[in-house]
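>>> sequence unknown, structure follows:
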């Protein structure tokens, strides 16, 4: 095909004002289409020749470019002629005009596609040359460009200016080239970056300064070029993810776990390696101390510096970057660094938090420690940003250090609740005696050296009693943690304060459930738990007042435990009253089993009633022993045992007064039974000395006692003696009760009628 298109020469040779006929234009366009088909055949032949026979034909390609350029110029002139020439003014030739315009447009599309195919052919042919010259990035770039051109000219179903088979040939060749470059770049990455994972002196990373030797060529490429090529091929993200994981596992984690490890760089003519060296034997003791104190300012600074040394090594060897490298970076390099950051920095922060900072939280609860850790962490992040691997936004590391006070408080809270839970589930049922003198705090602490400082019985004085060792330990734990608030940060102090409140709530939640059966069946344990609750309530009254100065000023006025006092008092009373009610019911059932006190003139009946009374007061005496000896506070003991004694004696009195007729023999038997009752109450239950009545302070809790003694007195008195005592004001019994007893004891005579009238 000639460089000058003859049909267009014919049109150009016409005079300027000569008319152009439709036949001349149609003939010219037909000739152009014919020449486009010829060019298409030559392009197909050239592409097939290159991509199927693998014969280099650069001269043919150059000739083809020149011919296509000439053809494209001729088509553009024809398009202008059709669009703006005289034919556009010929109304009679409208249909010919439309047909010719369509033909020109189709020919133009064919020429554009053929030009792109030629460029695509050039790009694919250039890849091998670039690889042999060592231009790895250039080869990868050409692949990306070729892929873009192929997508741009691939035919659609509706518009196919070229045969689809030619695109299949090009696409197949593009895949082959991509596979070649991909395998080459991956092999260079594997040979250029070598990890030594075995524990020992070679543990670390070895990188090659230049990676060479592919296709038998002698050209070389740097690791930076390899990484950029991986990025262009869409392989960098996966490779860098794996690299970041290896970097953390092989280098960073051992630096954190073993404080004596130090990164050491060594170089040879071809490689540079970073290995971890352990501390010398003479520093063993110092290393142990460092491990115990991990998280202190010195250790954290040293650890940060070692990690930065590792990062500097990686960036310099893989990317040729240092802190002095100016910004902005190349777009490809910037994208690679962002990918490395995404896979390295967040896991690094999480590892430092988990293995270093979280363990250092107890040492970070003061404001001075927080400031030190925050400053070190800020410097660490600032250096990472200068090394181009950390963005300007704060990392989880700085956020964690900034909230160190809160984390310290949370850790303290976990410690408090864990220790409290272990205590509450320990099943330690031993007891310890406590009193006002043995306890700390309170509104009115007593001073044994000052007699005037002793407290009278009051709401704020702790009576002597026994509590469980578990409860005593829980309260001591509360004082211990609250005492630490003074040296803690405001956030940690608030957390610790509420943690102690949670600990007491945990006591109320766990103890009644954990020991429910024991508290409901064992009187001693119920009494001790009652004391436990009131012991805690006693300390809650003043606990907040004692430690409010250790809390932030805005919260000091609300620092109190007083709101928890009623709940503990109610819990203790609930369990104590439950066991007392159970014993009350037992007393009533025990007396009911006797079938009443009537008929005791019969020896068998007498023995049955006596056996019931023995059982009743034996149980009362056991309760007195269990709750006595300082287990219950004296006032509580008198109240509880007095109530049970009153119930037992009242039941006996009721049974006697319920008798409608008492014979003389029954009178003697009942007198003996009431005498046994009196002896049991005085000697076994209340431990009174011989011939001693109940003390005055006990009588207030056994109000039926005078009534009992008067009934027993009536059993051995005459009618006249009973009447005289009534007249003298002895009114232990109500009038109807005494009248009923008189009717039961004495026969119906005029004297009895007169006495009854007097009593009424």
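All right, it came through fine. Since the model is a prediction, treat every value here as computed from it, not as a measurement. Numbering: from 1, shown residues only.

>>> ok, which stretches of the stretch 351-500 of the chain are strands?
Listed from the start of the chain, the stretch 351-500 of the chain has strands (DSSP state E, counting those that start in this stretch) covering 431-434, 465-468.

>>> average pLDDT for the last one?
Mean pLDDT, computed over strand 465-468, is 95.

>>> Adjacent strands (with direction) for that strand?
For strand 465-468, sheet partners with direction are given as strand 431-434 (antiparallel), following DSSP bridges.

>>> okay if I get the strands of the stretch 351-500 of the chain as JSON lines plus distance to residue 739 and mean neighbour count?
Heads up, the C-betas are built off the backbone N, CA and C, glycines and all. Below are the strands of the stretch 351-500 of the chain laid out as JSON lines (distance: least, C-beta to C-beta, whole Å; neighbours: other C-beta atoms under 10 Å):
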{"stretch": "strand 431-434", "distance to residue 739": "52", "mean neighbour count": "17"}
{"stretch": "strand 465-468", "distance to residue 739": "46", "mean neighbour count": "22"}
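
>>> would CSV of these with distance to residue 511 be doable?
Listed next are those as CSV, based on distance: least, C-beta to C-beta, whole Å:
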stretch, distance to residue 511
strand 431-434, 15
strand 465-468, 9
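
>>> what about the ones you listed, which gets the closest to residue 575?
Minimum separation from residue 575 across these (C-beta to C-beta) falls at strand 465-468, 13.0 Å.

>>> among the strands of the stretch 351-500 of the chain, which is nearest residue 321?
Nearest to residue 321 among those is strand 465-468 (66.5 Å), distances taken as C-beta to C-beta.

>>> what does the closest one rub up against?
Where contact means C-beta atoms under 8 Å, 6 or more residues apart in numbering, the residues beyond strand 465-468 that reach it are 428-435, 528-529, 531-532, 535, 630-633, 636.

>>> hmm, which of those residues are the buried ones?
Buried by 16 or more other C-beta atoms under 10 Å: 431, 434, 528-529, 531-532, 535, 631-633, 636, out of these.

>>> Could I get the full set of helices for the stretch 501-650 of the chain?
If DSSP state H, counting those that start in this stretch is used as the criterion, the helices of the stretch 501-650 of the chain fall at 516-521, 523-547, 553-556, 565-592, 603-627, 634-657.

>>> can you put those in CSV and add distance to residue 748 and mean pLDDT?
Listed next are the helices of the stretch 501-650 of the chain as CSV, based on distance: least, C-beta to C-beta, whole Å; pLDDT from 0 to 100:
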stretch, distance to residue 748, mean pLDDT
helix 516-521, 52, 92
helix 523-547, 48, 93
helix 553-556, 81, 82
helix 565-592, 30, 93
helix 603-627, 25, 93
helix 634-657, 19, 93
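
>>> Return the most buried member of the ones you listed.
With neighbours taken as mean count of other C-beta atoms under 10 Å, those reach their highest mean count in helix 523-547, at a mean of 23.

>>> What is that helix packed up against?
In terms of contacts (3 or more C-beta pairs under 8 Å, 6 or more residues apart in numbering; DSSP states H and E), helix 523-547 is packed against strand 465-468, helix 469-483, helix 490-514, helix 516-521, helix 565-592, helix 603-627.

>>> Can you add distance to residue 684 and give those back as CSV?
Conversion of the helices and strands packed on helix 523-547 to CSV gives the following (distance: least, C-beta to C-beta, whole Å):
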stretch, distance to residue 684
strand 465-468, 22
helix 469-483, 31
helix 490-514, 32
helix 516-521, 23
helix 565-592, 15
helix 603-627, 4
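
>>> quick one: which of those is nearest residue 737?
Sorting the helices and strands packed on helix 523-547 by C-beta to C-beta, the top spot, which is the nearest, belongs to helix 565-592 at 18.2 Å.

>>> Quick one: list the elements packing against that closest one.
Using 3+ C-beta pairs under 8 Å, 6+ apart as the contact criterion, the elements in contact with helix 565-592 are helix 490-514, helix 516-521, helix 523-547, helix 603-627, helix 634-657.

>>> Which of the ones you listed sits closest to residue 739?
For residue 739, the closest of these is helix 634-657, at 10.6 Å, according to C-beta to C-beta.

>>> quick one, that closest one and helix 603-627 angle?
170 degrees (axes from the mean of the first three to the mean of the last three C-alpha atoms, to 10 degrees).

>>> From the chain's centroid, how far away is the very next helix or strand once past helix 634-657?
Going down the chain from helix 634-657, the next helix or strand is helix 664-679, by DSSP states H and E. Relative to the chain's own centre, helix 664-679 is displaced by 73 Å; criterion: C-alpha atoms, centre = their mean, to the nearest Å.

>>> what's the angle from helix 664-679 to helix 603-627?
What separates the directions of helix 664-679 and helix 603-627 is an angle of 10 degrees, with the same axes, to 10 degrees.
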